[in-house]
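Asks: Dropping the sequence and predicted coords here.
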Protein chains: 2
Amino acid sequence: MSMQPIQVTPSAYTYPLLIKQLLHTPLATAPQQEIVYGDKVRHTYRALALRINRQGHALSRLGVQGGDTVAVMDWDSHRYLECFFGVPMLGAVLQTVNVRLSPDQILYTLNHAQASVLLVNREFLPVLAQIRGELATVKRFVLLDDEGGDLPEGFAGEYEALLADCPDHYDFPDFDENTRATTFYTTGTTGLPKGVYFSHRQLVLHTLAVCSALALAPQQGGFHRDDIYMPLTPMFHVHAWGMPYIATLAGVKQVYPGRYQPEAILKLIEKEQVTFSHCVPTILHMLLLTPYGKQVDLSRWKVIIGGSALTTGLAKAALERGIDVFTGYGMSETCPILTLAQMEDPALLADADANVAVRVKTGRPVPLVALRTVDAQMGDCPRDGKSAGEVVVRAPWLTQGYLYNPEASEHLWDGGWLHTQDIGHIDPQGYLQVTDRIKDVIKTGGEWVSSLELEDLIGRHPGVSEVAVIGVPDEKWGERPLALVVLKPEFADQVSAADIQAHVKVFADQGHISKYGVPENVRFLESLARTSVGKLNKRAMREQLVK
Amino acid sequence: MSMQPIQVTPSAYTYPLLIKQLLHTPLATAPQQEIVYGDKVRHTYRALALRINRQGHALSRLGVQGGDTVAVMDWDSHRYLECFFGVPMLGAVLQTVNVRLSPDQILYTLNHAQASVLLVNREFLPVLAQIRGELATVKRFVLLDDEGGDLPEGFAGEYEALLADCPDHYDFPDFDENTRATTFYTTGTTGLPKGVYFSHRQLVLHTLAVCSALALAPQQGGFHRDDIYMPLTPMFHVHAWGMPYIATLAGVKQVYPGRYQPEAILKLIEKEQVTFSHCVPTILHMLLLTPYGKQVDLSRWKVIIGGSALTTGLAKAALERGIDVFTGYGMSETCPILTLAQMEDPALLADADANVAVRVKTGRPVPLVALRTVDAQMGDCPRDGKSAGEVVVRAPWLTQGYLYNPEASEHLWDGGWLHTQDIGHIDPQGYLQVTDRIKDVIKTGGEWVSSLELEDLIGRHPGVSEVAVIGVPDEKWGERPLALVVLKPEFADQVSAADIQAHVKVFADQGHISKYGVPENVRFLESLARTSVGKLNKRAMREQLVK
C-alpha cells in the first residue's frame, strides 16, 4: 500500500498531546472555579495555573531538567494536583510514591526510578530518616508542610516559600508527546515492586476517553460539569484513577481531603457538597459504618468502586443511603480505567434488583478499549455471559512495559495483548464480569470455583461484614474453598459455620454455583489481611492460615 | 533537555489512533442498537459492521488501495455512514463531494483530489453525465440506488449488489495514524474551491474531544447515550460536524434522512423520536415554518446551530417550541467544531432572557482547543467581552494546509496559528462572540460596525423574517451599512425603512451599538442570496445591489 501521511504546511502547528494542553479549556471557561484542600486551602483554577507556573520556576531552580524524575510523598492535596501538571509539563517524570509501602520498599522504588528530587510531606519525615542514607539518586529535598515548622536539615526549601519566590509565568516547552510523564510501582503480592510508566499522549487519551465514557451517562454513573469531585483512591495510586486530570479538564470544583480520616471525609462531603468520588470497597464500607456518616445526606454522591470487587451486599447498603455506586475496572498497568459498570436503560434503572446486578459487574469497555476474554491459545471465548477466559486488552494508554524489566514486560505483552491475569466472561450486552485472579481460582475435583463469586454470595448473609475465600490443598479434591468471615458486631457469635454453609447451599441448589463450591471450611476472624492499598491480601491469608 | 520517549517493549501494541478503533465500544456494548435510513432501511450496529467489512472487500475488488481517493455523491444515508468508516479503514481517502456545487465545480474538485472511484446516487446521474467526459482520474463508478433501476453504462456495479457478493470479514490493516482519511472542498465566496484534509488521528481526537464537550453538559446542550441522532447538516459538509463518528462511538440510535425535505424530516423526528441534530439557521427556520411542524412535539429536540449566526429571534422562536437550541462554531478547515454555546448554571438556565443571550453566543472552546482573539501583531485582546480581534486557534484536528496549495496554506497558518478570518471578542466567562468575517466588518467614520450584530438587532423586529447587512461605499464615511430585509408574509408592506431605523435607534440610544450603526439605507426584498450550503452570500448581494 502507498498510504501517505497528511502533508504538513511548514508554518502549521503540529499539535502534540501534552498534559499542558488539558488546561486550555478550564482556564478559559472556569478560571473562578474552586479547588479546596481539606479545611486548609481554598483557591481558584486561576491560582492553580499561577502555582503550576511558579512550580516550573522553582523546580528549574532546583536543577530539574527534562528526563529527570521528581518524586512526591504526600496525601491527597492541592499541591499534588499541581505536581500532576507541573512536573510533566517541564518534561520531567512525576513519581507518585506509595506511602503505604514499607520504608525498604519506598527506598527501592526511589532508587529504581532514579528520582533526583523528592517532595515530602512533614508527616513522612520519620520514614525518610530511615532511608535517607541509602537514597542513591535523590539530590534535593522539598518540604510539603501544613504546619509551618522548621525546615529539616539538608532540605532545599519549603514548597510554599519556594513558590512565593517565583515569577507568575513559566514558558512550558513543547516536546514529543511520547515523553514519559509519570511512573509508579505496582504493589504485587509477590516479588519486588514493578515500575509502570505513562507518556503525555497516554494520559491525555485516557483523560478524553474516560471523560467521554463517564459524561455520556444520561443519569446513572455520570460525571458532568455540575459535579464536585473528591478523590478517595490516593493520588499516589494509578493517577487517582486519572480523575484529577478529568475533573480539571471539565473545570469542576475539586476537593482534596488530605489523609483519609472517615469523619473528616464525611464532613467534607457534607460541607463542600461533593457529588463524585472513587474508592476501594474498604473505604466505602468504613464510611458507611462511621457513626457521623448516618446523619450526612449522601443521596447526591456517585462513587466508582474499584481495586476489589464491589459485593452485592455493599452495593445494597450504599444504595440504601442513596449513593449511586458502581464498579470501575483497571489496574496499575492500565493507567487505569478499562471498564465502567454504567447503565442507561430506564427500565433497568427502575428495577432495584436487576440494577444492583449491573452495578456489581466489572463493566463495559470505555471508548477505544479493545477487550477480549481468551483461552490459552488466545482464541476468543463466546460472549455468552458464562464462558470464562483471561481478560486481555489493547488501549492507547497501557504501560508499554515494566521499568528496566524486559522479561516481565514481554510476559505482560505476550502476543501483542496486555494480559491482566484476571479471569472473566462477557455477556451479550458487553458487560465484563471478572470472576477471579488467575491465581485465585479454586480448582476442586476438576471444576473451577470462583472465589470472588463465593465471596459475593457469603457476603449476602445478613450477619456477614466481610469475607474472603481462598483455596486450600486437599488430598481428594486437589483444592477446597476456605471461607474467612468477619461478622458484624451485632451478630458476634450468632452465626455458625453451618449457617454459612446452609446459606451458600441455597444458591447451589438453585444452580447459581456448582455444589462443589459450598465450603465445608469456614473460619471466623476479627479482621482480614489487606495490602497497603486496601485490597484483600490472599497471599498473607494463605501463609497465615494454610498449613 | 534530555527527555526520552517511553520505552516500548517489542511485543507491546503501540495503539495507533485509527478510525476503526472507534468501533470497539459500540460493537461490544450496543450491537443491537438501530441505524435508520428514512423510511427505507432499518438495521443494527452489527449490520453496520458487517457491511463495512463487505465494503472493504468490494472496494478492494474495484482496485482501491491505500492512498487512493474514493469520492461519494449521496444524500445523508446509512451508506454514507459506512463510507465514513470503511473507506479510510482501507487506508484510502474519503472525498465527500458537495453535491450543491455547480457541475463545473464538482468536476474541478474530483479532478483536483484525483479521485479514482466515485460512488454516486442515481439522483446525480444527470450531473455526472455533464462532466463524465472530463473526469481525469476516476476509473470506476458505483451506483447508490434506492429505486432498483438499471445499471448505467460503464458502471462497475450497484452498491448493494457488490456488498451482497462479499464475505463478512475484512482484515482492516493497522497503519500510521497520520494517514489522510478524508478530504473535501471549502465553498469560499471567492476563487476556486480549496481542498482541506484530515488524518485518522485528527478525526479520532475530534470525536473524543467534542464528545466530551457535549456529554459533560448536565442538562442544556448535552449529548448522552439515550439520545437519538439525526444529521441536518449534510454528510458532505465537514463530516456532518463529526457527529456521525461521535454518535457511533456513543452507540446511540442514528437516523439518516436522505435528501432534506422539511415535511419528511419532521415526520422522521416524530416517528423515530429524534433528540439531537445540528443545522444551519435556514434549515431550522424552514422547519419551524412548515405547517406539518406545528403538530410535532419538538420539546425533546436539541439542535446545534452553525454555519451562520443564530439570531436571537430564531433562538426565541425555537425555544417557544421547546427546542434546546444553541450555537456551535467551526469551519471546513477546523474539522469542524471549535466552540459550543453550552451553559450549566441552573440560575442562568432558569432566566429565559439571559439564557437566550448565551445560546446565541459563539460559544466556549471544547477540550484541547487553544483559542485567542488577537490584534494585527498577534497580541492577545483583553478578555473583557468587548475588545475585538481576529480569532486564531490551535487544536489537534485542524487541516494542516490546503491540498496542493502551499501559498494559501502558509497564509492560513501564518505565525503558527490557524487564522479563521473571523472577528470576535471573548468575555470573562470564556464565551467567544464572533461579530463578523474580517471582510464583513463595516468601517464607517473610523468606527467598526459589526454587520452580524446589526443583523441580530434588526432581526428582533417582530415583522422581520430574515435580514442581511452589507457595507456600501460612501464618500463621506468610507462605508455605510445597508440593511436587506425580508418581511414575514403577514407584515408585508406594513413595515417601513423608518420603522427599522427607529427600531435600531433604540439600541443605539441604550448604548448597545454605536450610533454610526443605525442604517439609513434599508431595502425590502423577497429573499436573500445564499451559497450552496445555505449561508448568506454577501458577495452576491454586493454584486447585485451595490453600484
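Replies: Noted; the coordinates are in hand.

Asks: so the closest residue to A:Thr44 other than its chain neighbours is in which element?
Replies: The shortest distance from A:Thr44 to any non-neighbouring residue, by Cβ to Cβ, 6 or more residues apart in numbering or on different chains, is to A:Gln32 (5.4 Å). From N, CA and C alone the C-beta is placed, and that goes for glycine too. Using DSSP states H and E, A:Gln32 is not contained in any helix or strand.

Asks: and A:Gln32, what pLDDT?
Replies: Note on A:Gln32: pLDDT of 97.

Asks: pretty sure A:Val392 contacts A:Val374?
Replies: Yes: the pair A:Val392 and A:Val374 passes the contact test of Cβ atoms under 8 Å, sitting 5.5 Å apart.

Asks: So the two - more neighbours on which side?
Replies: A:Val392 (22 against 16; other Cβ atoms under 10 Å in any protein chain shown).

Asks: Can you tell me the SS state at that one?
Replies: Assigned by DSSP: H, G, I helix; E, B strand; the rest coil, the conformation of A:Val392 is strand.

Asks: for it, what are its contacts?
Replies: A:371-374, A:378, A:415, A:417-420 (Cβ atoms under 8 Å, 6 or more residues apart in numbering or on different chains).

Asks: Could you check the pLDDT of it?
Replies: Note on A:Val392: pLDDT of 98.

Asks: what bridges to it?
Replies: Beta-bridge partners recorded for A:Val392 (DSSP bridges): A:Arg372, A:His419.

Asks: Same question for A:Thr44.
Replies: Here A:Thr44, judged by DSSP bridges, has bridge partners A:Glu34.

Asks: Return the residues in contact with it.
Replies: Residues in contact with A:Thr44 (Cβ under 8 Å, 6+ apart) are A:31-35.

Asks: Got the confidence number for it?
Replies: 98.

Asks: do A:Gly188 as well
Replies: pLDDT recorded at A:Gly188 is 61.

Asks: And for A:Ser451?
Replies: On the pLDDT scale, A:Ser451 gets 86.

Asks: what's the spacing between it and A:Ile458?
Replies: Separation of A:Ser451 from A:Ile458 (Cβ to Cβ, to the nearest Å): 10 Å.

Asks: next one: the helix or strand encompassing A:Val356 to chain centre, how far?
Replies: According to DSSP H and E, A:Val356 maps onto helix A:352-359. The chain centroid and the centroid of helix A:352-359 are separated by 23 Å under Cα atoms, centre = their mean, to the nearest Å.

Asks: Identify the residues contacting the next helix or strand after it?
Replies: Remark: after helix A:352-359, the chain's next helix or strand is strand A:364-365, criterion DSSP H and E. Strand A:364-365 is contacted from outside by A:338-342, A:371, A:429-432, B:24-25, B:28-29, using Cβ under 8 Å, 6+ apart.

Asks: quick one: least confident helix or strand in chain A?
Replies: Lowest on mean pLDDT, DSSP states H and E among the helices and strands of chain A sits strand A:447-449, with a mean of 71.

Asks: name the helices or strands packed onto the following helix or strand past that strand?
Replies: Next helix or strand after strand A:447-449 toward the C-terminus (DSSP H and E): helix A:451-459. Packing partners of helix A:451-459 (3 or more Cβ pairs under 8 Å, 6 or more residues apart in numbering or on different chains; DSSP states H and E): helix A:312-320, strand A:432-437, strand A:464-474, strand A:478-487, helix A:497-509.

Asks: in chain A, what spans have low per-residue confidence?
Replies: Along chain A, segments meeting pLDDT under 70 span A:1, A:188-190, A:446-448, A:533, A:546-547.

Asks: And it, split by domain according to the record?
Replies: Following automatic domain parsing, one finds the domains of chain A at A:40-198, A:442-545.

Asks: Between the two ends of the longest one, how far is it?
Replies: Just to be clear, that refers to domain A:40-198. Distance between the two ends of domain A:40-198: 31 Å, counting by Cα to Cα, to the nearest Å.

Asks: same deal with stretch A:332-347?
Replies: This stretch, stretch A:332-347, spans 35 Å end to end (Cα to Cα).

Asks: which of the residues in that stretch are buried?
Replies: Neighbour counts using 16 or more other Cβ atoms under 10 Å in any protein chain shown place A:332-344 of stretch A:332-347 among the buried residues.

Asks: ok, that stretch near chain B or not?
Replies: Yes: using Cβ under 8 Å from any Cβ of the partner chain, stretch A:332-347 reaches chain B at A:344, A:346.

Asks: Break down the stretch 151-300 of chain A into its strands, ranges please.
Replies: A:157-158, A:180-186, A:194-199, A:228-229, A:253-256, A:276-279 (DSSP state E, counting those that start in this stretch).

Asks: Using CSV, please lay out those strands together with mean neighbour count and distance to A:Pro218.
Replies: CSV is the format used below for the strands of the stretch 151-300 of chain A (neighbours: other Cβ atoms under 10 Å in any protein chain shown; distance: least, Cβ to Cβ, whole Å):
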stretch, mean neighbour count, distance to A:Pro218
strand A:157-158, 18, 47
strand A:180-186, 24, 32
strand A:194-199, 23, 31
strand A:228-229, 22, 19
strand A:253-256, 24, 22
strand A:276-279, 25, 16
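
Asks: Pretty sure A:Ala468 sits against A:Leu484.
Replies: Yes: with contacts counted by Cβ under 8 Å, A:Ala468 reaches A:Leu484, the gap being 4.7 Å.

Asks: Identify the contacts common to these two.
Replies: Counting by Cβ under 8 Å, 6+ apart, the shared contacts of A:Ala468 and A:Leu484 are A:528, A:541.

Asks: Look at A:Ala408 and say how many residues are nearby.
Replies: Close neighbours of A:Ala408, defined as other Cβ under 10 Å, add up to 16.

Asks: mind listing what it touches?
Replies: Neighbour list for A:Ala408: A:194, A:402 [criterion: Cβ under 8 Å, 6+ apart].

Asks: what's the distance between A:Asn355 and A:Leu314?
Replies: The spacing between A:Asn355 and A:Leu314, counted by Cβ to Cβ, is 15 Å.

Asks: Looking at these two, which is more packed in?
Replies: Set A:Asn355 next to A:Leu314 and count neighbours by other Cβ under 10 Å: A:Leu314 wins out with 23 against 18.

Asks: Report the beta-bridge partners for A:Val72.
Replies: Counting by DSSP bridges, A:Val72 forms beta bridges with A:Thr96, A:Leu119.

Asks: Now do the contacts for it.
Replies: Counting by Cβ under 8 Å, 6+ apart, A:Val72 touches A:80, A:83, A:87, A:94-97, A:118-120, A:144, A:236.

Asks: what does A:Ala58 give?
Replies: Contacts of A:Ala58 were listed using Cβ under 8 Å, 6+ apart, and they are A:157, A:159, A:162-163, A:165-166.

Asks: Most neighbours among those, which one?
Replies: Within these, A:Tyr159 tops the neighbour count with 22 neighbours, counted by other Cβ under 10 Å.

Asks: show me the contacts for that residue.
Replies: Contacts of A:Tyr159 by Cβ under 8 Å, 6+ apart are A:58, A:79, A:119, A:142-145.

Asks: closest to B:Leu284 among the residues you listed?
Replies: For these, the closest approach to B:Leu284 (Cβ to Cβ) belongs to A:Arg79, at 49.0 Å.

Asks: ok, now how distant is that closest one from chain B?
Replies: As defined by Cβ to the nearest Cβ, to the nearest Å, A:Arg79 lies at a distance of 24 Å from chain B.

Asks: what's around the closest residue in space to that residue that isn't next to it in sequence, how many residues?
Replies: Among residues not flanking A:Arg79 along the chain, A:Leu144 sits closest, at 5.7 Å (Cβ to Cβ, 6+ apart). By the measure other Cβ under 10 Å, the count of residues near A:Leu144 is 21.

Asks: ok, and which of the domains of chain A has the densest surroundings?
Replies: domain A:40-198 (a mean of 19; mean count of other Cβ atoms under 10 Å in any protein chain shown).
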